[in-house]
Structures are given as C-alpha cells and as structure tokens.
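Participant: dropping the sequence and predicted coords here.
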Amino acid sequence: MTEIIREHLLEPGIPHICSDRRYNRALLGFPDSLFILFFSGVRMPKVVVYSTAYCPYCVRAKDLLSRKCVEYEEIRIDLDHSKMAKMVELSKRRTVPQIFIDDFHVGGFDDMAALEMDGKLNDLLGLGDEIEEDAVT
C-alpha cells in the first residue's frame, strides 16, 4: 500500500492528503495515519485565514478546515501589523479570524460555522458532496 500512496504522491496536483482518522476508516480503508482523497480535475479554491496566536475562534476555524482536509494559508496579523491593515482593508473588520475562500469573504468562525450548518460550506470549498458528515462518523 505504501508503494501505491508514494506513486500517487509523485504526481503533483492529483492527491489531497488528509490525516483525519475518521475519513480514513470511512473511505477506502486507508491506514489511520494517512488518507488520500482524490479530486481529479477539480481546482481547489485558495483559502486564507487571518489569525493571531491566542485566538480560540481561530483555532476552531483552522480545525474545521483541517477536518475537511482543506489546505489553507494562515496569515498571522500579530506578527506583522501590515498584514492586519491588509485584513481590515479586505474585510472591513478588525477581529480574527477573518476567512476568505478565493475572493469571497466568509467572515469569522461563526460565519463559517453557519455556512457549515446550512450545508453551503462544502460547495464554497469545492468539496461538493464528496465528504458528508454522516459518512465519516
């Protein structure tokens, strides 16, 4: 199995690696330490999370994205104040996290959680119905 995983990892852009154990058990029976979710031909949106070091809502937002196996860029505004100015310019908000999916401003964690509860977040993330919570519990 390691050879199969290694073979697919050599092809850039084909696999999406996720280490969430629930997905591993639910789909394809991959070992808990690694799961590969294939999105052949699907462009994944760019996800950006503006955050700070000690922000519980930032942690929750990043955790939700990680559980969905979504890669994101984290921009720490506490380390560079020019990044905070850019965040405020883009979002018109001064609180963190501020989450962007491509050019769409999601808002904070509460806004992203509301999209998840309404069943709209997967579509924004380009996941469609590939990952359903019922299928991974």
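Facilitator: Yes, it's here.

Participant: my read: Met87 touches Asp78, true?
Facilitator: No - in this structure Met87 lies outside contact range of Asp78 using CB atoms under 8 Å: 11.3 Å. For the C-beta atoms, the positions are set from N, CA and C on the backbone; glycine is no exception.

Participant: the two - which one has more neighbours?
Facilitator: Met87 (22 against 13; other CB atoms under 10 Å).

Participant: which of the residues in the helix or strand where the more buried one lies are buried?
Facilitator: Met87 belongs to helix 81-91 when assigned by DSSP states H and E. Buried positions in helix 81-91, judged by neighbour count with 16 or more other CB atoms under 10 Å: Met84, Met87, Ser91.

Participant: where's Leu65 relative to His81, distance?
Facilitator: The gap separating Leu65 from His81 is 25 Å, by CB to CB, to the nearest Å.

Participant: tell me where this protein has strands.
Facilitator: 15-18, 35-38, 47-51, 73-76, 98-101, 104-107 (DSSP state E).

Participant: hey, what's the nearest residue to Gly107 once chain neighbours are set aside bridged with?
Facilitator: Take Gly107 and drop its neighbours on the chain: the residue closest to it by CB to CB, 6 or more residues apart in numbering is Ile99, 6.7 Å away. Beta-bridge partners for Ile99, by DSSP bridges, are Val49, Gly107.

Participant: pLDDT wise, what is Ile99 at?
Facilitator: Ile99 is assigned 98 on the pLDDT scale.

Participant: repeat for the one 4 residues further on
Facilitator: What the model reports for Asp103 is a pLDDT of 94.

Participant: how many neighbouring residues does it have?
Facilitator: 8.

Participant: for the one 10 residues further on, same thing?
Facilitator: Neighbour count of Ala113, defined by other CB under 10 Å: 16.

Participant: ok, the closest residue to it other than its chain neighbours - contacts?
Facilitator: Spatial nearest neighbour of Ala113, chain neighbours left out: Leu64 (7.2 Å); criterion: CB to CB, 6+ apart. Neighbouring residues of Leu64 by CB atoms under 8 Å, 6 or more residues apart in numbering: Phe109, Met112, Ala113, Glu116.
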